[in-house]
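Asker: sequence first, predicted model second:
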Amino acid sequence: MMKLPPQSNHYLDTILAYKKEGKAIAHFNISNLDQARAIADVAQELQQPVIIGVSEGEREYIGVKMVRTVIEELNEEYAIPIFLNADHTYTLEKVMEAVEAGYDSVIVDGAKLPYEENVALVRICTDAVRMYEEKTGKRVLVEAELGYIGQSSSLNQSLPEGVSEANLTTVEQAKDFVIRTGIDMFAPAIGNVHGMLVDAEEPKLHIDRLKEIAAAIDIPLVLHGASGNTDEDLRAAIDAGIALVHINTEIRKAFRDGEMNYLEEHPNEVAPYKFGKEGQEEMKKVVRAKMELYAK
Ligand code: G3H
Ligand code: ZN
């Protein structure tokens, strides 16, 4: 007999409960086990749930199934929930690979495509995930983006090509997109940009546009590309309705700097667990500051 997919699950309930309290859940990306453990340590210290995300490149580097196993082990070891997200996924094949591997959510990224192609890709993926839910009884959240904000969590000299204030998500398109795709969470472009500018300030977030979108849409809103945005802007975005905040570049940089500074001072050190620890410590400072800010 066909199992019915649950209408809600622990992940979605946790997001909604945070949102109701005017807080957001932190989403951090990882490329290795050191980073996963650093995030789990801070989440445990602050007694907050957390989402660990892996892009297609990040999860191929660690191993798609290996990431799931690592997160399962962390959930056994730590007393806080750690959810696993298949971040920025560009094809149906990769979406289903992550879903079948047991990820809790997946982001279908068609943001660079023309509008109708973005809608079509997301709809195909959402339908396939819903069929998987019916078959297994496991709920998997689907998120999608509208409005191009760049694709790379890197340090940049200038804004990525194709990112412009003229491409902010409009309320009308947001409504149409959410209805036609059947997604669970929505990531708009409101001045946010993937990556971080090296020598300049990040553009300010358009909080007014966000408020209009939040008033028109009743699924959780996600802020991507949050590295480099000011605390004031991030807090204002959460107050305006953002329920999840994604950070990658800032923690990548902190992790890299921690290791690099240690190795400069200890050029003969070859034990990864010693310089890795320094990367973790630097990264934890960023993770802690962000989580405290989002849950204020
Ligand atoms: O999905 C990942 C995030 O949107 C990361 O953005 O590199 O600007 O922090 P960021
Ligand atoms: Zn993102």
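Answerer: That came through fine. Ligands and ions are numbered 1, 2, ... in the order given.
Asker: need the phi and psi values for the residue in the stretch 101-250 of the chain positioned nearest to ligand 2.
Answerer: Here the stretch 101-250 of the chain gets closest to ligand 2 at one residue, residue 224, 3.3 Å apart by Cβ to the ion. C-beta: built from backbone N, CA, C; applies to glycine. Note on residue 224: backbone dihedrals following degrees, to the nearest 10 are phi -90, psi 170.
Asker: which residues touch the closest residue in space to it that isn't next to it in sequence?
Answerer: Excluding the flanking residues, the one nearest residue 224 by Cβ to Cβ, 6 or more residues apart in numbering is residue 246, at 4.7 Å. Contacts of residue 246 were listed using Cβ atoms under 8 Å, 6 or more residues apart in numbering, and they are 27-29, 53, 87, 222-226.
Asker: one step back: what's the spacing between the residue of the stretch 101-250 of the chain closest to ligand 2 and ligand 1?
Answerer: For residue 224, the distance to ligand 1 equals 3 Å [Cβ to the nearest ligand atom, to the nearest Å].
Asker: how about the residues of this structure by ligand 2?
Answerer: 224, 246 (Cβ under 5 Å from the ion).
Asker: so which bits of the stretch 1-150 of the chain are right by ligand 1?
Answerer: Proximity of the stretch 1-150 of the chain to ligand 1 is confined to 29, 53, 87-88 under the rule Cβ under 6 Å from any ligand atom.
Asker: low-scoring stretches of this protein, by residue?
Answerer: Across the chain, the ranges flagged by pLDDT under 70 are 1-8.
Asker: max-length strand in it?
Answerer: Assignment by DSSP state E gives strand 82-89 as the longest strand of the chain.
Asker: direction included, what does the helix or strand that contains the residue nearest to residue 224 pair against?
Answerer: Secondary structure from DSSP states H and E places residue 246 in strand 242-247. Paired with strand 242-247 in the same sheet, following DSSP bridges, are strand 25-29 (parallel), strand 221-223 (parallel).
Asker: and the helices in the stretch 151-296 of the chain?
Answerer: Taking DSSP state H, counting those that start in this stretch as the test, the helices found in the stretch 151-296 of the chain are 171-181, 207-216, 231-239, 249-265, 272-294.
Asker: buried residues in the last one?
Answerer: Read that as helix 272-294. 275-276, 278-280, 282-284, 286-288, 290-291, 293-294 (16 or more other Cβ atoms under 10 Å).
Asker: closest one of these to residue 168?
Answerer: residue 294 (22.7 Å; Cβ to Cβ).
Asker: contact partners for the nearest residue to that closest one once chain neighbours are set aside?
Answerer: In space, and not counting its chain neighbours, residue 294 is closest to residue 24: 4.3 Å by Cβ to Cβ, 6+ apart. Shown in contact with residue 24 (Cβ under 8 Å, 6+ apart): 18, 223, 238, 242-245, 294-295.
Asker: apply 10 Å and report the result again.
Answerer: 15, 18, 220-223, 226, 234-235, 237-239, 241-245, 290-291, 293-296 (Cβ atoms under 10 Å, 6 or more residues apart in numbering).
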